[in-house]
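Colleague: Predicted model and sequence follow; I will ask about them next.
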Amino acid sequence: MKYTNPVVKGFYPDPSVCAANGKYYMVCSSFQYFPGVPLFESTDLVNWTQIGHVLTRKNQVMLEGIASSGGVFAPTIRFWNGRFYMVTTNNTTHENFYVSTDDIYGEWSDPISVNQGGIDPSLYFEDGHTYFISNGSDADGISGVVQCEIDPATGKKLTKSRTIWQGSGGRFLESPHMYRINGTYYLMAAEGGTEYGHMITCARAHSVWGPFTSNPHNPVLTNRNKAPYIIQGIGHGDLVQDTYGNWHIISLGFRQQHLWMPYHNLGREVFLTPVSFKEDGWFYAGADGTTDASYEIEGDFTQEIKSEYTFANTSPDIDWCYLRHPEPANYEFSEAEYVLHGCKYTLDDTASPTFFGLRQRDFVMEFCAEVAIDGGEAGLTAYMCENEHYDIAVQKGMDGYEAVLKLNIGGIKHVQAVLPLKGAKARLVVRADNFRYNFFVAAEDALPEKAHTAEKDNDVKESSISAQSDTAAKMKEYFLGCGQAKYLTSEVSGGFTGVIMALYAVGENTARFREFYCRYAVMERE
Ligand code: 6LW
């Protein structure tokens, strides 16, 4: 059957996958967001359903005060002897640790630390031995892929850490994973950095300790010379075999905007690329060592695309996320409304402002909710990080309630528009296309004829998504302005994350969000 990449859209970077009990399980990194490490299940490697998160308790992960793109880096998931293991780095505390569970739908253990540095840890199990592998330097100061044997019950090192491979010469050797296939040990890693030069390389050996011989055809997979092409940054992947015996690489990649000065605002997403082993014993990826937008693979599946997210069809525990450790008393969820209590922290803080978000999964989108407040400020944000975010809100101003659009880029805080409201309630709408986030407000009470906007933008095109509910259709909608997508990007913010579309509240305030939806344009699948 045919599928289209990415197989998981939006900010779900550094995927790692394992097979267990006839299914596949995947984890991704989560940085400053909580719960940490999104966990997915699939029966075909193409359709992935999020079933929860791995790090669901505060004591499993330190997130206090960490800046965006700190915290939980790339995880690895493995299944051994009936038990799942997830190993990762908290890059803020510089700690490598793992947790485990016998029930993939249940809670995971408290963390166990391993005294080996570097990032992107992985585990490899064989014949009663557990190998812990990361990037970094060994005791002799030799950098590369570093390995030691550990006791899985305690995390204690049983051997010295030794560098077993130094890569193929690319910068930032990361994401090492060990596999034994037909008696040969394969070490797969990423090089080139997670940006446009990203690639997957590999080496092989007869022993788990090497010596490892680099693949003469490295890199195995990269889109760095594939231009013009929307899919870039392919790298950091994991190898997996399906039930038909075919191999695949699940990797990260991103979809760039703009041909010459590219940028990406959706973060790094999940891509699936077929792999084949050749007679020389090396594996080859894709048709030509690149990841394409679409492939035909063996399997009986239909790729499902969810185009609408509502309170009714999402779960607060699974689909949504907080910034750092939330104050639970600030959130109340029911199918009809989400109630957010504001606190003293704002979206500019590296604390935990009242914030509840969903990953933006595609460029063309409409994100909408009715919000009613009793003070302070509450609304919707297109949030890249504490420095770059666009916020549309209802707030209590000096002369009553008003709708406001605030654009925050690189420390510049610009109030783009203020629109007086008759009541404390309005419908807020964000319509995004490939290049802009357009912001609209509608209220049942008559609004003044003219919005006070800092900029008049005549060529804003309304989204092709038809999103008006019956009530919304009766209300007059005002355009408050727009913010360009290129400022909510890794290229500007310098981070590892992607845009999260969130509900938020600030100050002494009970904010009621109703009639929420997030809709994506249904694109023709190739
Ligand atoms: C991750 C590293 C990388 O640890 O980005 O793409 C880092 N590669 O392997 C953060 O996600």
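Modeller: Happy to help now that I have it. Numbers count the residues shown, from 1 in each chain.
Colleague: Mind listing what's buried along the helix or strand where F367 lies?
Modeller: Using DSSP states H and E, the element containing F367 is strand 365-372. By neighbour count on 16 or more other C-beta atoms under 10 Å, the buried set for strand 365-372 is M365, E366, F367, C368, A369, E370, V371, A372. Quick note: C-beta positions are derived from backbone N, CA and C, even for glycine.
Colleague: Show me what it is packed up against.
Modeller: In terms of contacts (3 or more C-beta pairs under 8 Å, 6 or more residues apart in numbering; DSSP states H and E), strand 365-372 is packed against strand 377-383, strand 389-397, strand 425-432, strand 500-506, strand 510-520.
Colleague: how about the residues of the stretch 351-500 of the chain near the ligand?
Modeller: Within the stretch 351-500 of the chain, the positions near the ligand by C-beta under 6 Å from any ligand atom are F496.
Colleague: For the stretch 351-500 of the chain, which segments count as strands?
Modeller: For the stretch 351-500 of the chain, applying DSSP state E, counting those that start in this stretch gives strands covering 354-359, 365-372, 377-383, 389-397, 400-409, 412-420, 425-432, 436-443, 452-453, 476-484, 500-506.
Colleague: now stretch 51-66, how far from the centre of its chain.
Modeller: Mean-position distance between stretch 51-66 and its chain equals 15 Å (C-alpha atoms, centre = their mean, to the nearest Å).
Colleague: any chance of the strands of the stretch 351-500 of the chain in CSV, with mean pLDDT and distance to G155 too?
Modeller: Below are these laid out as CSV (pLDDT from 0 to 100; distance: least, C-beta to C-beta, whole Å):
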stretch, mean pLDDT, distance to G155
strand 354-359, 98, 32
strand 365-372, 98, 42
strand 377-383, 98, 35
strand 389-397, 97, 38
strand 400-409, 97, 41
strand 412-420, 95, 45
strand 425-432, 97, 44
strand 436-443, 96, 44
strand 452-453, 50, 57
strand 476-484, 93, 45
strand 500-506, 98, 32
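Colleague: Pull the contacting residues for R83.
Modeller: R83 makes contact with S100, T101, D102, according to C-beta atoms under 8 Å, 6 or more residues apart in numbering.
Colleague: Okay, the closest residue to A511 other than its chain neighbours and the ligand: tell me how far apart.
Modeller: Nearest non-adjacent residue to A511, counting by C-beta to C-beta, 6 or more residues apart in numbering: A378, 3.3 Å away. In this view, A378 and the ligand are 31 Å apart by C-beta to the nearest ligand atom, to the nearest Å.
Colleague: My read is that A378 contacts A505, right?
Modeller: Yes - counting by C-beta atoms under 8 Å, A505 is a contact partner of A378 at 3.9 Å.
Colleague: Kindly report the residues of this structure close to the ligand.
Modeller: Within the chain, the positions near the ligand by C-beta under 6 Å from any ligand atom are 13-14, 29, 73-74, 119-120, 174-175, 190, 194, 235-236, 252, 496.
Colleague: quick one: which of those residues sit in strands?
Modeller: Of the positions in these, E174, S175, A190, G235, H236, L252 sit in strands, assigned by DSSP state E.
Colleague: Quick check: closest non-adjacent residue to H258.
Modeller: Spatial nearest neighbour of H258, chain neighbours left out: K486 (7.4 Å); criterion: C-beta to C-beta, 6+ apart.
Colleague: what number of residues lie near the one you found?
Modeller: By other C-beta atoms under 10 Å, 18 other residues sit near K486.
Colleague: quick one: contacts for it?
Modeller: Residues near K486 by C-beta under 8 Å, 6+ apart: Q257, H258, Y263, N265, F435, V492.
Colleague: Please report how far it lies from F435.
Modeller: 7 Å (C-beta to C-beta, to the nearest Å).
Colleague: How about A19?
Modeller: Using C-beta to C-beta, A19 is found at 40 Å from F435.
Colleague: Then P121?
Modeller: P121 is 38 Å from F435, where distance means C-beta to C-beta.
Colleague: Neighbour count: these two, which is higher?
Modeller: P121 (26 against 14).
Colleague: So for the more buried one, what's the pLDDT?
Modeller: Note on P121: pLDDT of 98.
Colleague: And for D349?
Modeller: On the pLDDT scale, D349 is placed at 97.
Colleague: check contacts around E107.
Modeller: T56, R57, T101.
Colleague: mind listing what the last one touches?
Modeller: Going back to what we said before, that points to T101. R83, F84, E107, W108, S109.
Colleague: Y24 versus that one, what's the distance?
Modeller: 16 Å.
Colleague: do the second one as well
Modeller: Using C-beta to C-beta, one gets 25 Å for the distance from R57 to Y24.
Colleague: Looking at these two, which is more packed in?
Modeller: Using other C-beta under 10 Å as the criterion, R57 and Y24 rank with Y24 on top: 22 against 15.
Colleague: wait, isn't the more buried one in contact with P15?
Modeller: No - at 10.8 Å, Y24 and P15 do not qualify as touching, with contact defined as C-beta under 8 Å.
Colleague: Tell me who's in contact with the residue nearest to E388 when sequence neighbours are not counted.
Modeller: Nearest non-adjacent residue to E388, counting by C-beta to C-beta, 6+ apart: S493, 4.9 Å away. Going by C-beta under 8 Å, 6+ apart, S493 touches S68, S69, M384, C385, N387, E388.
Colleague: Take those residues and write them to a markdown table, including neighbour count and pLDDT.
Modeller: Formatted as a markdown table, those follow (neighbours: other C-beta atoms under 10 Å; pLDDT from 0 to 100):
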| residue | neighbour count | pLDDT |
| --- | --- | --- |
| S68 | 21 | 95 |
| S69 | 18 | 96 |
| M384 | 28 | 98 |
| C385 | 26 | 97 |
| N387 | 19 | 97 |
| E388 | 25 | 98 |
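Colleague: What does the pLDDT read for P228?
Modeller: pLDDT, P228: 82.
Colleague: my hunch is that it is in a helix, does that hold up?
Modeller: No - under DSSP: H, G, I helix; E, B strand; the rest coil, P228 sits outside any helix and is assigned coil.
Colleague: distance of it from the ligand?
Modeller: 22 Å.
Colleague: which stretch of helix or strand covers the closest residue to that residue other than its chain neighbours?
Modeller: Counting by C-beta to C-beta, 6+ apart, the nearest residue to P228 once its immediate chain neighbours are dropped is L259, at 5.1 Å. L259 belongs to no helix or strand when assigned by DSSP H and E.
Colleague: from here on, count from 3
Modeller: I'll keep to 3 as the first residue from here, and by that count the last item is L261.
Colleague: these two touch, right, L261 and I232?
Modeller: No - contact criterion C-beta under 8 Å: L261 and I232 do not qualify, at 9.7 Å.
Colleague: shared neighbours, those two?
Modeller: Joint contacts of L261 and I232 (C-beta under 8 Å, 6+ apart) do not exist.
Colleague: For those two, work out which one has more neighbours and name it.
Modeller: I232 (17 against 10).
Colleague: residue ranges with poor pLDDT in this structure?
Modeller: Residue ranges of the chain with pLDDT under 70: 447-476, 525-528.
Colleague: and A155, how many residues sit next to it?
Modeller: Counted with other C-beta under 10 Å, residues neighbouring A155 total 9.
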